[in-house]
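with the input below, show me the fold.
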Amino acid sequence: MLRITRGKLEVLGPDVSQRVKLVEGDMRRFAVDRGFSLVTIPYRAFLHNLDVEDQLETLRRVREHLSDHGRLILNVFDPKLENLAAGKWSMPANRRREFLHPRTGNRVTIKEEFTYDLERQMVEGAFVFDEIDTASGQVLGTLRSPLTLRYIFRYEMEHLLALSGFRIEAFFGDFKRGPFVAGGEQVWIARPR
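Okay, the predicted model is just below:
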């Protein structure tokens, strides 16, 4: 992500790049010498905190770095009951399951191999990408992209925020400010207490 951001900053030029400071670090342990009016933890990144102590430490760090009137915006997925009951995560039928490789033009298929550990609230597995030769149909190569997340239920997230010194300003079920629906998105907006 930092490499991509640096590339975008180069395109935007010095007017923008001089105002940006990129910092690589652990969300549980970061420390910078200033406060912020907005902190975002997008695209479910908070779920990479694999236990409650890591979740609380991340939220405490964010709280310490927010100005008094600042906001935290984060999103996590709400686990689907049918996935939990089945013990696995499957890609929705309406999601794109293949694409063309940008360099070779070959077809790339995507499979998901994930399982749920109900006792630890973990989802573990990998996205599997197969590059398929357009002419012969043979698999040229396979890439496994592993992923481990700790899923969080709605009221658990509310409790974590409260324990970390936040009050909930808004809670949505999608990025268009729609209502929460179990098994969908959780989009939280919180302010320091």
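
how many residues are close by residue 182?
Number of residues near residue 182 (other C-beta atoms under 10 Å) recorded here: 12. In short, each C-beta sits where N, CA and C put it, glycine included.

quick one: contacts for the nearest residue to it once chain neighbours are set aside?
Leaving out its chain neighbours, the residue that sits closest to residue 182 by C-beta to C-beta, 6 or more residues apart in numbering is residue 78, at 5.9 Å. Taking C-beta atoms under 8 Å, 6 or more residues apart in numbering as the criterion, residue 78 is in contact with 153-154, 180, 182-186.

make a ChimeraX selection of the buried ones in these.
A single ChimeraX command selects the buried members of the contacts of residue 78 (16 or more other C-beta atoms under 10 Å):
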select :154,185,186
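
can you tell me the SS state at residue 7?
What DSSP: H, G, I helix; E, B strand; the rest coil gives for residue 7 is helix.

and the most centrally placed residue in the chain, what does it touch?
Centroid-nearest residue in the chain, with C-alpha atoms, centre = their mean: residue 44, separated by 2.1 Å. By C-beta under 8 Å, 6+ apart, residue 44 lies in contact with 75-77, 149.

next up, the contacts around residue 75.
Residue 75 is in contact with 41-44, 46, 175, 185-188, counting by C-beta under 8 Å, 6+ apart.
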